[in-house]
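Enquirer: Here is a sequence with its predicted model. Questions after.
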Amino acid sequence: MLSADKLVILDRDGVINHDSDNYIKSLNEWVPYPSSIKAIARLTRAGYFVAVATNQSGIARGYYDEKTLHAMHEQLITLVEAEGGHIAHIAYCPHGPDDKCQCRKPLPGMLQEIQHQVNLESLIGSWMVGDSLRDLQAGKAVGCKTALVRTGKGSKTEQKGAGLEKTMVFDDLAQFVDWLIE
Ligand SMILES: O=P(O)(O)OC[C@@H](O)[C@H]1O[C@@H](OP(=O)(O)O)[C@@H](O)[C@@H](O)[C@@H]1O
Ligand SMILES: [Mg+2]
Ligand SMILES: [Zn+2]
């Protein structure tokens, strides 16, 4: 039986893979950080469940389609499983900022989807790891502990400084995992 403190929810762009201000629009543009793939596998081996919650407004904006997004996620799963890791669930929000959905971070809808997928009563004590303030806000809304990584937009988020109370800051996902499981 999974306990909430053994669940780590990851933002995708800027945490697992390089981000771009022009969106990640194709499988070729989806370039993982090798250390992040290995870090996910280390979490699995340490008994953690790992899930992903990612805003993908590029779909609503017409930059790419869900078939392309699924190809990126199949590649992610293949790379993680090749390292002996596992991803329990990938939640994504295909909507745009004006669509008034319940799943676009900073709203916690995707985290609640993950909660139900892994059969947890609560996410209190789970981890949310992101590079943007909205990732941390979504996590805090449902009681997650929060970690900011400096990759992707993380350094900019850190410099802005707002909303980082009780958030731990790490250079990258690998450093967070070193701290969490060592
Ligand atoms: O970091 P996650 O949630 O995995 O994904 C973020 C991406 O969907 C894109 O989100 C966009 O924000 P808007 O959706 O345009 O506000 C921009 O920040 C892009 O640079 C970024 O690639
Ligand atoms: Mg991000
Ligand atoms: Zn949505």
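Expert: That came in fine, so what should we check first? Ligands and ions are numbered 1, 2, ... in the order given.

Enquirer: Nearest residue to the residue in the chain that ligand 2 sits nearest to in space, please, no chain neighbours.
Expert: Closest to ligand 2 within the chain is Gly14: 3.7 Å, counting by CB to the ion. Glycine gets a C-beta too; all of them are placed from N, C-alpha and C. Sequence neighbours aside, Gly152 is the residue nearest to Gly14 in space, at 1.7 Å (criterion: CB to CB, 6 or more residues apart in numbering).

Enquirer: Tell me which helix or strand that neighbour sits in.
Expert: If you go by DSSP states H and E, Gly152 is not part of any helix or strand.

Enquirer: tell me which parts of this structure are close to ligand 2?
Expert: 11, 13-14, 131 (CB under 5 Å from the ion).

Enquirer: Just the strands from the chain, written as ranges.
Expert: Ranges of strands in the chain, per DSSP state E, are 7-10, 49-55, 89-93, 127-130, 145-149, 167-170.

Enquirer: Give me the pLDDT value at the residue nearest to Gly14.
Expert: pLDDT for Gly152: 98.

Enquirer: OK, contacts around it?
Expert: By CB atoms under 8 Å, 6 or more residues apart in numbering, the contact list for Gly152 reads 13-15, 18-19, 131-132.

Enquirer: with those in mind, which one is nearest to ligand 1?
Expert: Taking CB to the nearest ligand atom as the measure, ligand 1 lies nearest Asp13 of the contacts of Gly152, at 3.6 Å.

Enquirer: While we're on the closest one, how confident is the model there?
Expert: pLDDT, Asp13: 99.

Enquirer: State the distance from it to Leu69.
Expert: Using CB to CB, to the nearest Å, Asp13 is found at 11 Å from Leu69.

Enquirer: can you check Gly154 too?
Expert: Gly154 is 22 Å from Leu69, by CB to CB.

Enquirer: Of those two, which one has the most company?
Expert: Higher neighbour count among Gly154 and Leu69: Gly154, with 25 against 21, using other CB atoms under 10 Å.

Enquirer: what's the more buried one in contact with, if anything?
Expert: Gly154 neighbours (CB under 8 Å, 6+ apart): 14-15, 130-132, 148, 169.

Enquirer: Same list, the residues you listed, but as a markdown table with neighbour count and distance to ligand 1 please.
Expert: Below are the contacts of Gly154 laid out as a markdown table (neighbours: other CB atoms under 10 Å; distance: CB to the nearest ligand atom, whole Å):
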| residue | neighbour count | distance to ligand 1 |
| --- | --- | --- |
| Gly14 | 24 | 5 |
| Val15 | 28 | 7 |
| Gly130 | 30 | 7 |
| Asp131 | 26 | 6 |
| Ser132 | 22 | 6 |
| Leu148 | 27 | 12 |
| Val169 | 16 | 17 |
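
Enquirer: Out of the residues you listed, which is nearest to Ser3?
Expert: Distance to Ser3 across the contacts of Gly154 (CB to CB) is lowest for Gly130, with 21.8 Å.
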